[in-house]
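Undergrad: Fold the stuff below for me.
(one chain, ligands or ions: 1)
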Amino acid sequence: MSILETTGVRTESVVHIENVSKTYGSGSNALLALDRVSLDVQRGEFVCLLGASGCGKSTLLSLVAGLDRISGGTLDTGGRKVALMFQEAALFPWLSVSGNVELPLRLQGIGKAERPKRAAELLEVVRLGGFADKRPHELSGGMRQRVALARALAQNADVLLMDEPFGALDAMTRDILHDELERIWREQNLTVLFVTHNVREAVRLGDRVVLLSSRPGRVIEDFTIGHERPRRIDSPEVSAQAGEITDRLRAEVARHAN
Ligand SMILES: Nc1ncnc2c1ncn2[C@@H]1O[C@H](COP(=O)(O)OP(=O)(O)OP(=O)(O)O)[C@@H](O)[C@H]1O
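TA: The predicted structure follows:
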């Protein structure tokens, strides 16, 4: 994987996407979802992907996760481990909170005695220390997403891929989880690729906000978000930049509609 020299700072690209295209189906049913998308994510970066509905954001994440194959171009994660987190926590209802977090530990071959201890540590990280023995149905939506985050962290991945993870939560819960995710990202030196529809959320969280065009998805703009952290989603700086990006997105959606 490439080591880039930028302004004297050594950075390492952990996700390298170059001219990646994805076509679903074939012949007269072929649908071009992504059209020559290029994007590099550096180690430790928090990159948000934004775009109109159906522009291929989830498709790009599933390609990076290796769940589907690219139709053209180059996609290289250097063999790094990636973990995925979705809008729905998708916890196993018959397992306890701890049991859900222990599952990826088991798949990694971590011993039976060690797993509950490691799960307890991860539940502390997401501030669910006292909930190890609860079942998913006993938790709120925000708490279930915390468990899903702990489970993703349990995979010990280099890259965390998040597909609208807070999309189904109320604004206050989402706000709290933004703070938590930012803290965990920093403490654990994670690299995050985060898909969202919510422009403010993208500016609240991202080092960069990458805007995709309407289908077929192409990168049309890559905004660097330089505001000091931690940010508030309702701060004047975040609102102003979100306004600028929203205008760009609206123009793109209108262009596509014409
Ligand atoms: N497995 C599939 N088979 C066929 N077409 C698909 C498949 N997955 C996605 N598509 C199509 O590819 C396009 C991109 O879908 P994708 O879900 O990646 O977009 P998105 O930007 O994540 O959308 P949204 O923001 O609405 O979640 C859409 O037109 C969708 O219908």
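
Undergrad: Could you name the helices and strands sitting against the longest helix seen in the chain?
TA: In the chain, taking DSSP state H as the definition, the longest helix is helix 236-257. On a contact count with 3 or more C-beta pairs under 8 Å, 6 or more residues apart in numbering; DSSP states H and E, helix 236-257 meets strand 46-51, helix 199-205, strand 208-212, strand 219-224. Quick note: C-beta positions are derived from backbone N, CA and C, even for glycine.

Undergrad: Please repeat the previous calculation with a cut-off of 6 Å.
TA: Under the contact criterion of 3 or more C-beta pairs under 6 Å, 6 or more residues apart in numbering; DSSP states H and E, the helices and strands touching helix 236-257 comprise helix 199-205.

Undergrad: Give me the residues contacting the helix it packs on.
TA: Residues from elsewhere that reach helix 199-205 (C-beta atoms under 6 Å, 6 or more residues apart in numbering): 46, 48, 50, 178, 196, 209, 225, 231, 233, 238, 241-242, 245-246.

Undergrad: Could you confirm whether the longest helix of the chain reaches the ligand?
TA: No: Helix 236-257 lies out of reach of the ligand by C-beta under 6 Å from any ligand atom, never closer than 11.9 Å.

Undergrad: buried stuff in that helix?
TA: Applying a neighbour-count criterion of 16 or more other C-beta atoms under 10 Å, the buried positions in helix 236-257 are Val238, Gln241, Ala242, Ile245, Arg248, Leu249, Glu252.

Undergrad: can you list the residues of the stretch 51-200 of the chain near the ligand?
TA: Counting by C-beta under 6 Å from any ligand atom, the stretch 51-200 of the chain sits next to the ligand at Gly51, Ser53, Gly54, Cys55, Gly56, Lys57, Ser58, Thr59, His197.

Undergrad: Please tell me I have it right and the fifth one contacts Ser214.
TA: Same thing as Gly56. No: checked against C-beta atoms under 6 Å, the pair Gly56 and Ser214 is beyond contact range at 9.4 Å.

Undergrad: With neighbour numbers in mind, choose between the two.
TA: Gly56 (28 against 20; other C-beta atoms under 10 Å).

Undergrad: now the nearest residue to that one once chain neighbours are set aside: how far from Gly73?
TA: Spatial nearest neighbour of Gly56, excluding adjacent residues (C-beta to C-beta, 6 or more residues apart in numbering): Gly217 at 3.3 Å. Going from Gly217 to Gly73 by C-beta to C-beta, to the nearest Å gives 13 Å.

Undergrad: Tell me which residues touch the residue nearest to Gly56, please.
TA: Gly217 touches Leu34, Cys55, Gly56, counting by C-beta under 6 Å, 6+ apart.

Undergrad: Output those residues as a markdown table; include the columns pLDDT and secondary structure.
TA: A markdown table is the format used below for the contacts of Gly217 (pLDDT from 0 to 100; DSSP: H, G, I helix; E, B strand; the rest coil):
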| residue | pLDDT | secondary structure |
| --- | --- | --- |
| Leu34 | 97 | strand |
| Cys55 | 92 | coil |
| Gly56 | 95 | coil |
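
Undergrad: Can you pull out the low-pLDDT segments for the stretch 1-150 of the chain?
TA: 1-11 (pLDDT under 70).

Undergrad: What of the stretch 151-258 of the chain?
TA: 258.

Undergrad: Do a quick rundown of the helices in this protein.
TA: Using DSSP H, helices in the chain cover 57-64, 97-107, 114-125, 141-154, 171-187, 199-205, 236-257.
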